[in-house]
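A.B. asks: Requesting a structural model of the entry that follows:
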Amino acid sequence: MTQPSCVEPFERGALCSVCRLNRDAPGLGRCSRLVAESNAMRTLLTRAAPIAASNESVIILGESGSGKEVLARAIHSNSPRKAGPFVAVNVAALPAELLESELFGHAKGAFTGASTNKRGLFEVAGSGTLLLDEIAEMPLGLQAKLLRALQDGEIRRVGETRPFTVDVRVLCATNQDLRACVSQRRFREDLYYRLRVFTLEVPSLRQRIEDIMPLATMFLRQQERGPTRFTGSAEKALKAHRWPGNVRELVNAVKHGAVLAEGEAVDVEHLPEEVVHPSRVFRGVAEPLRTLEEVERDHILRVLEECGGRQVEAARILGIGRTTLWRHLRSLGISETA
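C.D. replies: Predicted coordinates:
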């Protein structure tokens, strides 16, 4: 029985019948919609729906470029705070001495260059949501001030002595293991447990192969002009790529293909070299020619590894039956525990 899809074709802004989320993520321009054809993403969004409706803090985990901010914006747009602002700040992009002022604001004359009073992002995001991206990079000294703000619901501008109340929901995102950061004393344990009311992990694109073409098609439609589809060869190349840069890399690959394609379809020759021949690009030398048996063996091992050794899932991705996969393993000399 075919599972219901969580991709489109419902009216923009309507709730998905599968995950019960409005998957629009306002404010991100072109990459503004969650796509969930894969089981991994459907599971994530189904879990995210009741969390979005709460007012608690959330830690969003995932590799760089996997779509953590898109998920954060979707959580905001499905929350009771959706009428309020959504404010995102990359903690790693600001030096420590400026980050405190950026978050909490400052008073006139608080330091050299502070010629006027300035509202911090906690104030700007009042009644809405504040996303602290790359939270693991926050300096320890500022982590203590963030913990106090979260516990008391109050902040104090730099250069002022009187605190005031703020009403904001805090979401955090990181591509690092925060528990490891705690054990390495790079992240405060008390702040970690204060933030970790809920944890959501966005799967990498290689863990959601079924989403590659729906995403690529969506990005292609968003181009101002040019091709409207992918050829079979291009589609095969897109699905085979490991996407170390995740969705961000896919967006750029689609733009690359849309610019170079002259007809109605993006073909494999229009895609970036690192997508079509990744080994040539990352090794810096031409890939040595291999036999078909060697290529087949490596690909089967790669798929098995990505599936955690689950042969039923590997056979589905390879497009063959479980028995056929077993015969291939035997003929290629691969043990079932390889």
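
A.B. asks: contacts and neighbour counts: CA atoms only from here.
C.D. replies: Noted.

A.B. asks: first to last residue in stretch 123-136, what's the distance?
C.D. replies: Start and end residues of stretch 123-136 are separated by 22 Å (CA to CA, to the nearest Å).

A.B. asks: what's in contact with it?
C.D. replies: Residues from elsewhere that reach stretch 123-136, judged by CA atoms under 8 Å, 6 or more residues apart in numbering: 69, 72, 76, 81-92, 104, 121-122, 166-176, 178, 181, 186-187.

A.B. asks: How far off centre is it?
C.D. replies: Centroid separation for stretch 123-136 versus its chain: 17 Å, with CA atoms, centre = their mean, to the nearest Å.

A.B. asks: what's the spacing between Pro272 and His256?
C.D. replies: From Pro272 to His256 the distance is 7 Å (CA to CA).

A.B. asks: Sorry, slip of the keys, the one I care about is Gln176.
C.D. replies: 30 Å.

A.B. asks: Also Val58?
C.D. replies: 35 Å.

A.B. asks: Looking at these two, which is more packed in?
C.D. replies: Under the criterion of other CA atoms under 10 Å, the comparison of Val58 against His256 puts Val58 first, with 24 against 15.

A.B. asks: Beta-bridge partners for that one, please?
C.D. replies: Beta-bridge pairing of Val58 under DSSP bridges involves Leu171, Phe198.

A.B. asks: For the residue nearest to Ala53 when sequence neighbours are not counted, what is the enclosing helix or strand?
C.D. replies: Nearest residue to Ala53 in three dimensions, chain neighbours excluded: Ser79, at 4.6 Å (CA to CA, 6 or more residues apart in numbering). Counting by DSSP states H and E, no helix or strand carries Ser79.

A.B. asks: burial measure for Ser79, as a count.
C.D. replies: Ser79: 20 neighbours (other CA under 10 Å).

A.B. asks: Need phi/psi at it.
C.D. replies: phi -110, psi 170 (degrees, to the nearest 10).

A.B. asks: looking at it, Val251 is touching Thr217, isn't it?
C.D. replies: No - the pair Val251 and Thr217 does not pass the contact test of CA atoms under 8 Å, sitting 10.2 Å apart.

A.B. asks: Please parse the chain into its domains.
C.D. replies: Using automatic domain parsing, the domain ranges for the chain come out as 39-203, 208-283, 292-331.

A.B. asks: Just put these in CSV and tack on mean pLDDT and distance to Leu21.
C.D. replies: Converted to CSV, the domains of the chain look like this (pLDDT from 0 to 100; distance: least, CA to CA, whole Å):
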stretch, mean pLDDT, distance to Leu21
domain 39-203, 92, 6
domain 208-283, 90, 17
domain 292-331, 79, 27
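
A.B. asks: so which of those domains gets nearest Arg33?
C.D. replies: Among the domains of the chain, domain 39-203 comes nearest to Arg33, with 7.1 Å by CA to CA.

A.B. asks: May I have the distance across that closest one, first residue to last?
C.D. replies: Domain 39-203: ends 10 Å apart by CA to CA.
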